[in-house]
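Student: Sharing a model prediction with you, sequence too.
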Amino acid sequence: MEKYTMLDYIKEAPEVALNNVEHYQELVKPLLDIANEKEYKRIWLVASGSSNNACHCARAFMKKVLPMDFKIITPYTFTYYEHDINEDDLVLVVTQSGYSTNAIEAIKKINELNHLSICLTGNVNSDVKDYADVVIDYGVQEELVGYVTKGVTCLCLFLVLFSIAQSKQTDYLDEVKKAIQVNQKTIDKTMKFIEHNYKELTSMNWVYSIGAGSNYGTALESALKMGETIHIPSAPYEIEEYIHGPNLQLTPQYNVFIYDGNDQASNRVAQVYLATKQVTNRVFMVSANTNFKDDDHVLLVDKVLPELCPIAYLPFVQLVSYIISRDTNRIKQHPLLKKFKKIAAAKSDNFVNYDEDE
């Protein structure tokens, strides 16, 4: 059987996402039932890597529709340093694979605290089932590539759909569908964008990813994906924080990706984009700002609700990471990393890594 790639899952995501919207009540019901058992005042999202980034992608929308506090924290920090959970806290540990050792340790800590342990995962038959009180499938279906793409989109979407169901603000479902439709269009547009900017994109050595609001999550995932696939130094920054120090490193060799939220801050985003262009031609932006319709370094997309931008933008991040790493042969890991993983593994022994050759 032919091995699936990141590209296959990127292309699958819009169809899976639309199906999840159509069946959202069934999808979120297990979590909704728990949330309705008592009056929760705060939601903890305990996640690492791309799962953590997906939580950041969803946070702006969740805050928009739910009158609750939200805390996004990594499992390691939760387990060892910050686990001051209260009776009225809904604590969700997220791991797409279900085999992440740090997520399992976080679940163990929740159990020690005699609190309900809930795990959101893409694999309900994985190791987490042996530790969590409740295991909930967030609707990614199968994804056998470690550099997850479909899973990021589907996790963000699950949290959005849960928020809609919990708040009963179903009018937002049309906005969600529109964002998914733009996701599909972004795939096609990004393929052409990469082809047009191929020389710059295939010669990247340092990368900044910049975003704010919901697109802070996009920037986090952009930095992670490009770093873990293209294997180059890659850092995320909030828009204004980028120009308060990190920008001082800029040279014409730097690559900067800016994600515009198409909201009240868009004028400032445009200023930062134009300012960066004074130093390097290797600056790119994803935006709905038609003032840049003739700029071939700007991927122009249809406008969606600002809090749903990540759902529309994520294919850009994912396709740049995959195509550039594939075409430059950078995606293969250094052989010494096998020794690293034997000493400090991120996954349990039952995890099967489909990305590595035996």
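Tutor: Now that the structure is in, tell me what you want to look at.
Student: can you give me the strands in the stretch 101-250 of the chain?
Tutor: For the stretch 101-250 of the chain, the strands defined by DSSP state E, counting those that start in this stretch cover 118-121, 134-137, 207-211, 234-237.
Student: Please report how far T202 lies from V148.
Tutor: 23 Å (C-beta to C-beta, to the nearest Å). For the C-beta atoms, the positions are set from N, CA and C on the backbone; glycine is no exception.
Student: can you check N114 too?
Tutor: For N114 relative to V148 (C-beta to C-beta), the value is 32 Å.
Student: With V301 instead?
Tutor: Relative to V148, and taking C-beta to C-beta, V301 is found at 22 Å.
Student: neighbour count winner among N114 and V148?
Tutor: V148 (25 against 7; other C-beta atoms under 10 Å).
Student: Quick check: phi and psi on the more buried one?
Tutor: Phi and psi for V148, reported as degrees, to the nearest 10, are phi -70, psi 140.
Student: Run through the residues that contact P75.
Tutor: V46, A47, S48, V93, S100, N102, A103, E105, A106 (C-beta atoms under 8 Å, 6 or more residues apart in numbering).
Student: Which helix or which strand is home to the fourth one?
Tutor: Pointing back at V93 there. Of the helices and strands defined by DSSP states H and E, V93 is found in strand 89-95.
Student: What is that strand packed up against?
Tutor: With contacts taken as 3 or more C-beta pairs under 8 Å, 6 or more residues apart in numbering; DSSP states H and E, strand 89-95 sits against helix 24-35, strand 42-46, helix 49-65, helix 101-112, strand 118-121.
Student: tell me the mean pLDDT for the fourth one?
Tutor: When pLDDT is averaged along helix 101-112, the result is 97.
Student: List of residues touching stretch 17-34?
Tutor: 90, 92, 116, 118, 120, 134, 136, 138-139, 153-154, 157-158, 161-162, 164-166, 173, 176-177, 180, 183, 311.
Student: Going by neighbour count, which of these are buried?
Tutor: 90, 92, 116, 118, 120, 136, 138-139, 153-154, 157-158, 161-162, 164-166, 173, 176, 180, 183, 311 (16 or more other C-beta atoms under 10 Å).
Student: so where do the helices sit in this structure?
Tutor: 6-22, 24-35, 49-65, 75-80, 101-112, 150-167, 172-196, 198-201, 215-230, 239-242, 266-277, 309-327, 337-343 (DSSP state H).
Student: hmm, back to that, from the contacts of P75, which is closest to T328?
Tutor: S48 (27.0 Å; C-beta to C-beta).
Student: okay, now that closest one: neighbour count?
Tutor: 21.
Student: Show the model's pLDDT score for it.
Tutor: The model's pLDDT for S48 equals 97.
Student: Read off the pLDDT value for the nearest residue to it once chain neighbours are set aside.
Tutor: What sits nearest to S48 in space, not counting adjacent residues and going by C-beta to C-beta, 6 or more residues apart in numbering, is T74, at 5.0 Å. The model reports T74 with a pLDDT of 98.
Student: Quick check: T74 touching A47?
Tutor: Yes. Assessed by C-beta atoms under 8 Å, T74 is found in contact with A47 at 7.2 Å.
Student: Pick out whichever of the two has more residues nearby.
Tutor: A47 (28 against 18).
Student: Please name the bridge partners of the closest residue to that one other than its chain neighbours.
Tutor: Leaving aside its chain neighbours, A47 sits nearest to V94 (3.8 Å; criterion: C-beta to C-beta, 6+ apart). With DSSP bridges as the criterion, V94 is bridged to L120.
Student: so who does V94 touch?
Tutor: V94 neighbours (C-beta under 8 Å, 6+ apart): 45-47, 51-52, 54-55, 103, 119-121, 138, 155.
Student: How much space separates Y4 from K341?
Tutor: 22 Å.
Student: For stretch 283-302, which residues meet the burial criterion?
Tutor: 283-289, 292, 295, 297-301.
Student: before we move on, what about stretch 254-262?
Tutor: Y254, N255, V256, F257, I258, Y259, D260, G261, N262.
Student: Please spell out the segments of this protein that come in under the pLDDT threshold.
Tutor: 1-2, 352-358 (pLDDT under 70).
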